[in-house]
Each structure stands twice: as C-alpha cells, then as structure tokens.
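Novice: only geometry, no sequence info:
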Ligand SMILES: NC(=O)c1ccc[n+]([C@@H]2O[C@H](COP(=O)([O-])OP(=O)(O)OC[C@H]3O[C@@H](n4cnc5c(N)ncnc54)[C@H](O)[C@@H]3O)[C@@H](O)[C@H]2O)c1
Ligand SMILES: O=P(O)(O)OC[C@H]1O[C@H](O[C@H]2[C@H](O)[C@@H](O)[C@@H](O)O[C@@H]2CO)[C@H](O)[C@@H](O)[C@@H]1O
Ligand SMILES: [Mn+2]
C-alpha cells in the first residue's frame, strides 16, 4: 500500500530537540514518507543555525523532501498535515530564572514542577494557543502534536481555551523510563511491554506491566526499582553515559517507589515527595538550565554550525532520541490509523472513575485517525487521588489566573503546591516572578 506523503512544520525550529526529530523522521521515511518539512520560530537567528544544517542533511539524505525555514506564520502553517510543536517561551534565560528565583527562598526551582513550572506555564499558554490559531487558520485539517512544556498546564489551558482543536499533548518521560525498564528486564524494546499507567503529566504511576504473552513483569521491576530506582544494571556496574543530574533523578526514584510498593512512579514525583531534598541537592548558582546551556545547547548548535560550514553531514553527530521516536509513532498512528497504544495527556471524562472528569490525565490510549481513545483505568487509591486532586487544582488555578489576570488565583496556586512551604513564601516567590516575567505574563491584578 502506498502511504500518503506528509507535510510537517516543526514549531520551535530552533529547539535543541529539532535535529533529533529531523534524524528520526529521515530514519523512518519508509514508514512515514514526507513531501515537505518546514521550521517555524520567532527567533530567526536561532532557527537559522539549525535550519542551515538541516538543509545540508536533507540535500544529502532525502533530496526529494522540500525543506524551508521561516518566521512567517502563513508560509509556515499553510498546507501542512502535522504541527510538531516544541517551543520554549522565554528560552533558557527564563528557565534559569524559573529555577533560581524559588531557590532564594529555599524552594526547589524546576522547569515544569512547582513555582518554576507555574512561571513557565504562565509564559507558554499564549505561545501555544497562538500556534494552534495559526494552524487552524492556514491548515484547518492539521493535527498539532505538542511537546511544549509545562505539558500539564498547557494541556489544561488548551482544553479550556481551544476545546475543539486537534491538539494532542505528549511527554517523553514515561518513554525514557520504559526504555530503562526494558533494560532491567533484558528486553530488546520497550514496545515488548504493555503498560497500564495513570496520573497527571509528570505526576503518575505504572500499575501493571506485562509482556506480549501476558506475563506479569511488575514483580521483577518492583524488586529492582525499590533497590536501585531506574538506574540500569549497566549503570550499576559503572558504565553510565547519563548526565549526573539525570543519574541522580533515576536513582532517587527508589525513594519515591517506597511510598506505594505496588506501583512504579514517574521520576518527577520526587519533587512532590522530597522537595527539601531537591532544594538541598540544587545549587542556586548553577541549576539544570545552566547544565543544559553548557551541554545540550552548546553541542547541538556547534554541531549544526560545523555541518553548515563544511557543507556535509556525512559524520554528523546528531542523534534521534526517545523524544523523537515517540512523536513519529504518534504522527503515524493518526496519518495511517495504526491503532498504536501510547501514553497521552487527555481529558479524564471517566477514564479514572473517581477523579475530576475535567482533569487532564496521562493514560494509555489507542491512537488512530480520529485521535486518541483513552483506556479506562478504574478507581484509584486514596493516596494517589489526594495527591492528584491537589496538583490538578494547582494547574487549574494557574490557567484561571492566566485567563482572568488574577494575582489572587496565582497566589493560591503557589500556596497549594506541595513544593511551597507556606503562603508567605508563595507570595515572595510570586512577586519576584511577576517582575522577572513582565515581558511574558499577562498583567495580574
Ligand atoms: N513534553 C516533553 O516531555 C518534553 C521533552 C523535552 C522537551 N520538551 C519541551 O520542548 C521545548 C523545547 O525544548 P528546548 O530545550 O529544545 O528549548 P529551546 O529553547 O532550545 O527551543 C525552543 C525554541 O522555541 C522558540 N520559541 C519560543 N517562543 C516561541 C513562540 N512564541 N513561537 C515560536 N517559537 C518560539 C525559541 O526561539 C527556540 O528556538 C520546551 O518547551 C521543552 O520543555 C518537552
Ligand atoms: O532538563 P532537560 O531539558 O534535559 O530535560 C527536561 C525534560 O526531561 C524529560 O524529557 C527527557 C526524556 O524523558 C528523556 O528520555 C530524554 O528524551 O531527554 C528528554 C529531555 O532531556 C521530560 O519529559 C520533559 O518534559 C522535560 O522538559
Ligand atoms: Mn515531559
């Protein structure tokens, strides 16, 4: 069967993840053929560095694909089937502030969790909605596959502000963890596992993992994780290629797992269970944003500029990663009705029987041309229900604050977060964040 060739625009073409997505798309042309690939960004210079290298790569490896980079929305979003969005409103400079301002008050600053995530969410909502509107104006039949973070707040905002839009919010943290689970189990691929999982984005639990013969893989995984977290056997023997802060996170997962011995946790729960540990472990003068600027950002841009300068990508050191494989799986599922089973962020609507119907939950879905069809997860225990009710209220209050311009709602959101110790500290952090974000947030009264 001849597969329809797709037209894609990457929104946030200057993203450090764009090369990985390009490499993954080029590795999958047999399964996901492409006629046109465009980049869109609001920072021409940043995007140009990635685009110039991509031009060399495509000329050498897939010259039949029409490639263009632009900052013009009409040019970018006309005649596309998919918008693959991974923007970072305010870029790393603002991520650095998200991470350092809370630390002034002894509170962990993090990209998508707690005060850092709330600040990031207040910046992202406008940028993501703008891209949805461009897509619907210029390619009304297209789907938006959104990676832009903080996915939980962006998902709640798009549910409220664009309820009928064809947008799917996704996260690759479960993918990254499942890759490690597969290594622990000695499996060839994480796709040999069928999982049951529920939660909010960056706030969930695996409850059942089986192989294709239906054998229960949870006991072996639980035995490993309660001892080692998601550190793999190879890493345990000292053969780690992971960045130290990520290795620390995967190791910390064991202390998170202890809270519910029958499940396996998303790594991000450490921020909600051990916020003080995370603040003590963090250096206000050099946070994750600094690590990313010094490593991933430097590597991606220097490698892209090298390729552009020598005008060949023969020895390109750009790799497709989990982030990329997932978005191709999702695009294929929609384009060709593959009925792929994937964790996606969708409106609850009864998927979790005893949880807020209007909460955006991360659960296994069967994906076809009509989009995601969630798989019900039944009732959840009091512990997780209590945690999720509190966290979803934080996320909803942030969207309330953005929509209404309410200082009070945002103060409530910060105060309600498990990561912030009290209302006074919440207000101190809020007032600093308002000042730092004056170019990005709506005016709060
Ligand atoms: N969902 C997930 O699991 C997951 C995984 C990895 C990364 N991400 C997210 O992907 C995004 C990109 O990450 P990164 O580290 O590569 O960031 P980055 O700063 O390297 O790239 C983001 C790009 O977005 C552009 N941009 C910012 N605001 C824009 C706007 N309003 N319109 C168009 N373009 C805009 C920037 O100019 C930049 O080129 C971030 O939101 C990050 O959190 C999500
Ligand atoms: O601190 P960063 O920018 O390196 O990562 C923050 C993101 O971490 C998760 O994505 C990971 C993914 O889980 C891992 O498997 C691999 O693909 O790297 C990604 C980026 O490092 C998380 O899901 C994202 O939401 C975060 O933005
Ligand atoms: Mn994520």
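Specialist: Received it, and whenever you're ready, just let me know what you need. The model shown is predicted, which means the values in this text are computed figures rather than measured ones. Ligands and ions are numbered 1, 2, ... in the order given.
Novice: ok, residue 359 touching residue 391?
Specialist: No - between residue 359 and residue 391 no contact is recorded; they are 9.4 Å apart, counting by Cβ atoms under 8 Å. Every residue, glycine included, has its C-beta placed from N, CA and C.
Novice: who touches both of those two?
Specialist: Counting by Cβ atoms under 8 Å, 6 or more residues apart in numbering, the residues touching both residue 359 and residue 391 are residue 200.
Novice: pLDDT-wise, which helix or strand of this protein ranks last?
Specialist: helix 322-336 (a mean of 89; mean pLDDT, DSSP states H and E).
Novice: what comes up buried for the helix or strand just after that one?
Specialist: Per DSSP states H and E, helix 322-336 leads on to strand 340-347 as the next helix or strand towards the C-terminus. Of all the residues in strand 340-347, those buried under the rule 16 or more other Cβ atoms under 10 Å are 340, 342, 343, 344, 345, 346, 347.
Novice: Got the confidence number for the most centrally placed residue in the chain?
Specialist: For the chain, the residue nearest the mean C-alpha position is residue 171 (3.7 Å; Cα atoms, centre = their mean). As summarised for this prediction, residue 171 has a pLDDT of 96.
Novice: Start and end of stretch 256-272, how far apart?
Specialist: 9 Å (Cα to Cα, to the nearest Å).
Novice: Show me the contact partners of it.
Specialist: 108, 110, 112-114, 173-174, 177, 181, 199, 202-207, 209, 218, 221-222, 225-226, 229-230, 249-250, 252-253, 255, 273-274, 277-278, 381, 383-384, 387, 391, 418-419.
Novice: Low-confidence ranges, the stretch 251-400 of the chain, go.
Specialist: 322-323 (pLDDT under 70).
Novice: redo that, cut-off 50
Specialist: Along the stretch 251-400 of the chain, no part satisfies pLDDT under 50.
Novice: Which parts of it are helices?
Specialist: Listed in chain order, the helices of the stretch 251-400 of the chain (DSSP state H, counting those that start in this stretch) span residues 270-273, 275-281, 288-292, 298-310, 322-336, 382-404.
Novice: Turn those helices into CSV, columns for mean neighbour count.
Specialist: Below are these laid out as CSV (neighbours: other Cβ atoms under 10 Å):
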stretch, mean neighbour count
helix 270-273, 22
helix 275-281, 16
helix 288-292, 18
helix 298-310, 16
helix 322-336, 21
helix 382-404, 19
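Novice: Can you redo those helices as JSON lines, where the extra columns are distance to ligand 3?
Specialist: Formatted as JSON lines, the helices of the stretch 251-400 of the chain follow (distance: least, Cβ to the ion, whole Å):
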{"stretch": "helix 270-273", "distance to ligand 3": "13"}
{"stretch": "helix 275-281", "distance to ligand 3": "17"}
{"stretch": "helix 288-292", "distance to ligand 3": "13"}
{"stretch": "helix 298-310", "distance to ligand 3": "19"}
{"stretch": "helix 322-336", "distance to ligand 3": "9"}
{"stretch": "helix 382-404", "distance to ligand 3": "14"}
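Novice: Next, format those as CSV and append distance to residue 7.
Specialist: Shown next, in CSV, are the helices of the stretch 251-400 of the chain (distance: least, Cβ to Cβ, whole Å):
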stretch, distance to residue 7
helix 270-273, 39
helix 275-281, 42
helix 288-292, 31
helix 298-310, 23
helix 322-336, 11
helix 382-404, 31
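Novice: Now do residue 345 against ligand 1, distance only.
Specialist: Separation of residue 345 from ligand 1 (Cβ to the nearest ligand atom, to the nearest Å): 9 Å.
Novice: Quick check, that residue in contact with residue 201.
Specialist: Yes - contact criterion Cβ under 8 Å: residue 345 and residue 201 qualify, at 5.2 Å.
Novice: Overlap of the contact sets of these two?
Specialist: 151, 152, 155, 169, 171, 360, 362.
Novice: Neighbours of the first one, how many?
Specialist: So the one you mean is residue 151. Residues near residue 151, counting by other Cβ atoms under 10 Å, number 26.
Novice: List the contacts of it.
Specialist: So residue 151 contacts 112, 169, 170, 171, 201, 202, 345 (Cβ under 8 Å, 6+ apart).
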